[in-house]
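J.: coordinates only, sequence not included:
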Ligand SMILES: Cc1cc2nc3c(=O)[nH]c(=O)nc-3n(C[C@H](O)[C@H](O)[C@H](O)COP(=O)(O)OP(=O)(O)OC[C@H]3O[C@@H](n4cnc5c(N)ncnc54)[C@H](O)[C@@H]3O)c2cc1C
């Protein structure tokens, strides 16, 4: 078995690491200084340094690397180590135009968008001129079941009319956010997986109102933010519906599009989570060697060597499974890789939270402060145990596929006797 990266991935890894070391990491402090925080999200600004970094990344060819089709045309397995590198810095995915939810939204438009939708929304998204949000989750229903969504997208004549309330709409507070992908119920009488539709909603459409920003672990995640949004009689032409050039044929394709959207996006998050875990282990080792208690470096005390060894083993296992899932997406497609995608979606955030937590502990009080990036990395990894589907839903899917495969094997064995 050859575990080596391809020549194209090796070249990009070297360039990306250099760019992160020379451009992104030194700019982090300036970025956070320039960021206008606070609770009034209407005042949030895009830090000027981010636009400078984006221009440099674009010029360096480190742009849209996540898109296998219209972007850099990298295979998922080649993109994996690049996303891992960006896991070290929470602001870095945007530098390379590889940040959620824009990545997933761009993929939706590449795969399902009409020519008009691509011109109007995909082009500026791919250029990094605008940002977007994805509005599926609702406060009033258990949204880990995508078929539960109650907000409506009803066709009336030559318009689609949207009503309802969404929350956890990530990125909606960004000053450059201009468009939302909204998932709504179009026909409650249709087959369970054909009831919903996806609609492109310009943020400034009358009837769209951001009610508030939801804090995550006590921070608002500016300048992206996670909004609660109300939609009241929002009227759009049928051409805003995703999934068919005539608009109307996209009706009922919402669930299908949601499933298609989340394969690569889930893997991107896992790769970044592994990068975050790797960074936490690096910091943990540095701290445990440089700090002395009871006459010995921390690394030599109690079970700390085991903690370090366990972290290394967990990262190696998770990275291999991520690469396997990415490779399967490239070779058999998202559908054939469903179990592996769900497996790594459970494993990567769980090992990352455990390792980052151990690194915080090894740092003592400092680990929980903002003097180290560990608290922010922890919040990112912990969120991933919920976002894009809670652990339990993924475990349910893995078990379902396993039981089906086992039953098929048992039946095949019976048939040969
Ligand atoms: C920071 C953050 C950003 C997010 N960004 C977005 C976004 O941009 N767009 C968007 O649409 N959504 C977003 N989400 C929402 C996220 O996808 C949902 O929170 C998630 O899908 C769970 O839905 P829910 O919150 O309604 O939980 P529920 O569906 O109410 O589930 C609650 C809990 O029930 C349990 N449970 C559910 N199903 C099962 C099962 N089958 N077996 C066993 N136990 C189960 C699990 O423990 C689960 O955590 C974001 C969430 C967070 C925290």
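T.: Good, I have the coordinates. Just so we're clear, the structure is a prediction, and the values are computed from it rather than from any experiment.
J.: drop to CA atoms for contacts and neighbour counts, all remaining ones
T.: OK.
J.: Residue 382 versus residue 354, what's the distance?
T.: As judged by C-alpha to C-alpha, to the nearest Å, residue 354 and residue 382 stand 10 Å apart.
J.: Now for the two: what residues contact both?
T.: Residues touching both residue 354 and residue 382 (C-alpha atoms under 8 Å, 6 or more residues apart in numbering): there are none.
J.: Indicate whether the longest helix belonging to the chain makes contact with the ligand.
T.: Across the chain, the longest stretch assigned as helix under DSSP state H is helix 254-290. No. Helix 254-290 does not reach the ligand (C-alpha under 6 Å from any ligand atom); its nearest approach is 9.8 Å.
J.: How about that helix, which residues are buried there?
T.: Using 16 or more other C-alpha atoms under 10 Å as the test for burial, helix 254-290 gives 254-255, 257-258, 260-281, 283-285, 287-288.
J.: Tell me which other helices or strands that helix touches.
T.: For helix 254-290, the helices and strands in contact under the criterion 3 or more C-alpha pairs under 8 Å, 6 or more residues apart in numbering; DSSP states H and E are helix 76-86, helix 102-112, strand 196-202, strand 296-297, helix 304-336, helix 338-362, helix 374-383.
J.: Can you give the distance of the fifth one from its chain's centre?
T.: The offset between the C-alpha centroid of helix 304-336 and the centroid of the whole chain comes to 17 Å, using C-alpha atoms, centre = their mean, to the nearest Å.
J.: Next: the second one.
T.: Helix 102-112 has its C-alpha centroid displaced from the chain centroid by 13 Å (C-alpha atoms, centre = their mean).
J.: Assign a three-state SS to residue 210, would you?
T.: Put simply, residue 210 is strand when judged by DSSP: H, G, I helix; E, B strand; the rest coil.
J.: Look up the closest residue to it, ignoring the ones flanking it.
T.: residue 229 (4.4 Å; C-alpha to C-alpha, 6 or more residues apart in numbering).
J.: Let me know the secondary structure of that neighbour.
T.: Relying on three-state DSSP, one would call residue 229 strand.
J.: That one contacts residue 212, doesn't it?
T.: Yes. Assessed by C-alpha atoms under 8 Å, residue 229 is found in contact with residue 212 at 7.4 Å.
J.: Next, the residue of the stretch 301-417 of the chain at minimum distance from the ligand: phi, psi?
T.: Distance from the ligand to each residue of the stretch 301-417 of the chain (C-alpha to the nearest ligand atom) is smallest for residue 387, at 3.9 Å. With angles defined as degrees, to the nearest 10, residue 387 sits at phi -60, psi 150.
J.: Rebuild the helices and strands packed on helix 254-290 as a markdown table, extending it with mean neighbour count, distance to residue 2 and mean pLDDT.
T.: Formatted as a markdown table, the helices and strands packed on helix 254-290 follow (neighbours: other C-alpha atoms under 10 Å; distance: least, C-alpha to C-alpha, whole Å; pLDDT from 0 to 100):
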| stretch | mean neighbour count | distance to residue 2 | mean pLDDT |
| --- | --- | --- | --- |
| helix 76-86 | 25 | 13 | 94 |
| helix 102-112 | 22 | 29 | 94 |
| strand 196-202 | 26 | 41 | 98 |
| strand 296-297 | 14 | 38 | 98 |
| helix 304-336 | 18 | 12 | 95 |
| helix 338-362 | 23 | 20 | 97 |
| helix 374-383 | 21 | 30 | 97 |
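J.: Turn the ones you listed into CSV, columns for distance to residue 189.
T.: Conversion of the helices and strands packed on helix 254-290 to CSV gives the following (distance: least, C-alpha to C-alpha, whole Å):
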stretch, distance to residue 189
helix 76-86, 38
helix 102-112, 24
strand 196-202, 11
strand 296-297, 66
helix 304-336, 26
helix 338-362, 28
helix 374-383, 34
